[in-house]
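Asker: Predicted model and sequence follow; I will ask about them next.
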Amino acid sequence: MDRLVQTGERGDGAPARQIAPDFTPDFTHVDTWVFDLDNTLYPASSNLFAQIDARMTAYLSSMFGVSADEARKLQKDYYRDHGTTLNGLINVHGHDPEPYLAYVHDIDLSVLPHDPALDAGLSRLPGRKLIYTNGSTEHAARVLAHLGIDRHFDEVFDIRASGFTPKPNLASYKRLMAQHGVVPGRAVLFEDIVRNLAPARALGMTTVWVRNDSQWSKQGPTYPAHDLSVVDHVADALSPFLLSLKTSLDV
Ligand SMILES: [Mg+2]
């Protein structure tokens, strides 16, 4: 429940930003709450996404008949150059996305406990709640049900709905907004990956970085790790943040 504040310039020219306490972040302008799924609605420490990550590697290894190390390198190259591993497969090889989506999301959800605090946090948010994920709707539905929070969400905007144009491609955000009538000035995006917040911020949405220690959260390969200028708020844990913020119902 912190807010980033500008504190001056660093010696290297990059803006220096520090975290100042912000015990009641103001979200009174928000009526549309957009949430990323993986590593945002559940903690990265659950290692659930690590399962997906490992299955992406296994899929590539099998598909190309290469070692795990070679598959891993390919996976990271696709992520860097195409936004997601899947988009590398589609763009470079014309690959059918459906077998890939089914395979990588076939994971053990038992590591995710029900999350009553998150349920309570979501309950106090007035307006619509949407999921915005580079994964599949089926994966989102399973995770939301497992967490016990599926009742809160009106829609899932998945990688198919985006026309297989993933975050952080600006066209994906525009498509989300058009399909669901999202008014950016009244909407917020919660995300664990900073670079995925940039287009939302550019379009006028409020942004919340749900921070964790995983490497991919701090930086995309094409996004400088220190550039937090696109982050309006930082949440070290989502549930306490949702329980602390001020909504239109609090005024
Ligand atoms: Mg995520």
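Answerer: Arrived safely.

Asker: Residue of the stretch 101-250 of the chain closest to the ion, please.
Answerer: Residue nearest to the ion within the stretch 101-250 of the chain (CB to the ion): D192, separated by 4.4 Å. Quick note: C-beta positions are derived from backbone N, CA and C, even for glycine.

Asker: Distance from the helix or strand hosting V143 to the middle of the chain?
Answerer: Per DSSP states H and E: V143 is located in helix 137-147. Its chain's C-alpha centre and that of helix 137-147 lie 15 Å apart, by CA atoms, centre = their mean, to the nearest Å.

Asker: Okay, now the unreliable bits of the protein?
Answerer: 1-22, 213-226 (pLDDT under 70).

Asker: Would you mind listing what in the stretch 151-251 of the chain touches the ion?
Answerer: D192 (CB under 5 Å from the ion).

Asker: For the stretch 151-251 of the chain, which segments count as helices?
Answerer: Along the stretch 151-251 of the chain, the stretches classed as helices by DSSP state H, counting those that start in this stretch are 170-180, 198-202, 215-218, 238-244.

Asker: With mean neighbour count as added columns, please give those helices in JSON lines.
Answerer: Below are those laid out as JSON lines (neighbours: other CB atoms under 10 Å):
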{"stretch": "helix 170-180", "mean neighbour count": "17"}
{"stretch": "helix 198-202", "mean neighbour count": "20"}
{"stretch": "helix 215-218", "mean neighbour count": "16"}
{"stretch": "helix 238-244", "mean neighbour count": "18"}
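
Asker: so which of the ones you listed gets nearest V30?
Answerer: Proximity to V30, assessed across the helices of the stretch 151-251 of the chain by CB to CB, is greatest for helix 238-244 (11.6 Å).

Asker: Remind me what the closest one packs against, helices and strands.
Answerer: Judged by 3 or more CB pairs under 8 Å, 6 or more residues apart in numbering; DSSP states H and E, helix 238-244 is in contact with helix 116-123, strand 206-210.

Asker: Leaving out sequence neighbours, find the closest residue to V183.
Answerer: Once flanking residues are discounted, V183 sits nearest to T32: 7.1 Å by CB to CB, 6 or more residues apart in numbering.

Asker: Okay, L144 and N47: tell me how far apart.
Answerer: Remark: distance between L144 and N47 (CB to CB, to the nearest Å) = 19 Å.

Asker: So for the two, which residue has more residues nearby?
Answerer: Per other CB atoms under 10 Å, whichever of L144 and N47 has more neighbours is L144, with 20 against 12.

Asker: so that one makes contact with L41?
Answerer: Yes. Contact criterion CB atoms under 8 Å: L144 and L41 qualify, at 7.5 Å.

Asker: ok, D106 - how many residues close by?
Answerer: 12.

Asker: Find the nearest non-adjacent residue to it, please.
Answerer: R55 is the one closest to D106 (CB to CB, 6+ apart), at 7.0 Å.
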